[in-house]
Each structure stands twice: as structure tokens, then as C-alpha cells.
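> structure for the following, please:
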Amino acid sequence: MSVRFPSVEFFQELKQQVANHPASMEAVAPSEAYCGFAIGDKLYVLEFDGRDCAAVAGGGNTLDLDFFLTGPPETWREAIQSIRDSQGADGEHTLEALVERGRIELCSEAPDGLDLGRDTLGFLQAFLDQAAHVDVQFD
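Predicted structure coming up:
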């Protein structure tokens, strides 16, 4: 069954992939982030507890988050398609590379939010890399 991107169901499927395959997150430092992915005008909120995704929700207020990543839907689609094509993001489509090139913006209102966000990019990349195992349908 395919899962639409972007959607709450997509992020819930990644959460389930991590739960089913915890070893997939062992190479990254754990995270206690409460963060978001702003894809166009939609916000998806995720809460991480160690190496697990504790919660996924649609909507919310970016002011409540430690940090969030925002970018146009086309950029996010490219990133997810790269993961699907390469069984993990290629060098041009990692979150770190996309933030560095300004294609995705790291934002925060919290005093230490940007630092936490930068420190968490590798963890979030490992989480998004779970899309390699998901049948994704793009809007």
C-alpha cells in the first residue's frame, strides 16, 4: 500500500519503520527533539525520545517547537525521491546539504533551537532515510 507524501501517514509510517527496525537508528546520536517539518503551508510535528519517534501530528504552532525545517514541496519531494532512488539520501539531498545551500531553512524561536537543530540533522536524516522502505506516492 502506498503512502502519500506529504502527510501525517507518511511520517507515521517512518515512525513504524523505526519501531520495526531499531538498528536503523543505532549509528546516530539519540535525540530529545520536539520539532517540525514545514512542507509548503503544511506543518508536521514530531517528538523524538532517544532513538524512537514518540509522536507524529499534523498542524501545530512553530513557536512551541524546539526548531523546524521549512522548504517548498518540490525540494522536499526531491529529497524523499533521492532517498527512494539511492536507498538513502545522495550527497546533494541530505538535510545538511539542503540547509547549507539554502533550499531548506532551519528555523527556531528558542534560544538554543538552531544549535539543537543543527546537532539533530543527522538523526533526522536517519529518520527520513526510512522512506527507502516505504511505497511513497507524491502529490
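> CA atoms for contacts and neighbours, from now on please.
Noted.
> elements contacting whichever helix in the chain runs longest?
Longest helix of the chain, by residue count under DSSP state H: helix 113-128. If you count contacts as 3 or more C-alpha pairs under 8 Å, 6 or more residues apart in numbering; DSSP states H and E, helix 113-128 packs onto helix 8-20, strand 67-71, helix 95-100, strand 105-107.
> could you export the ones you listed as TSV, including mean pLDDT?
Shown next, in TSV, are those (pLDDT from 0 to 100):
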stretch	mean pLDDT
helix 8-20	97
strand 67-71	98
helix 95-100	97
strand 105-107	98
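> most packed of those?
Mean neighbour count (mean count of other C-alpha atoms under 10 Å) peaks for strand 67-71 among those, with a mean of 22.
> so which elements touch it?
Looks like strand 67-71 contacts strand 34-39, strand 105-107, helix 113-128 (3+ C-alpha pairs under 8 Å, 6+ apart).
> ok, the shortest one: who's next to it in the sheet?
The strands beside strand 105-107 in its sheet (DSSP bridges) come out as strand 67-71 (antiparallel).
> how far does the strand it pairs with sit from its chain's centre?
How far strand 67-71 lies from its chain's middle: 9 Å, per C-alpha atoms, centre = their mean, to the nearest Å.
> repeat that for stretch 102-111.
On C-alpha atoms, centre = their mean, the centre of stretch 102-111 falls 13 Å from the chain's centre.
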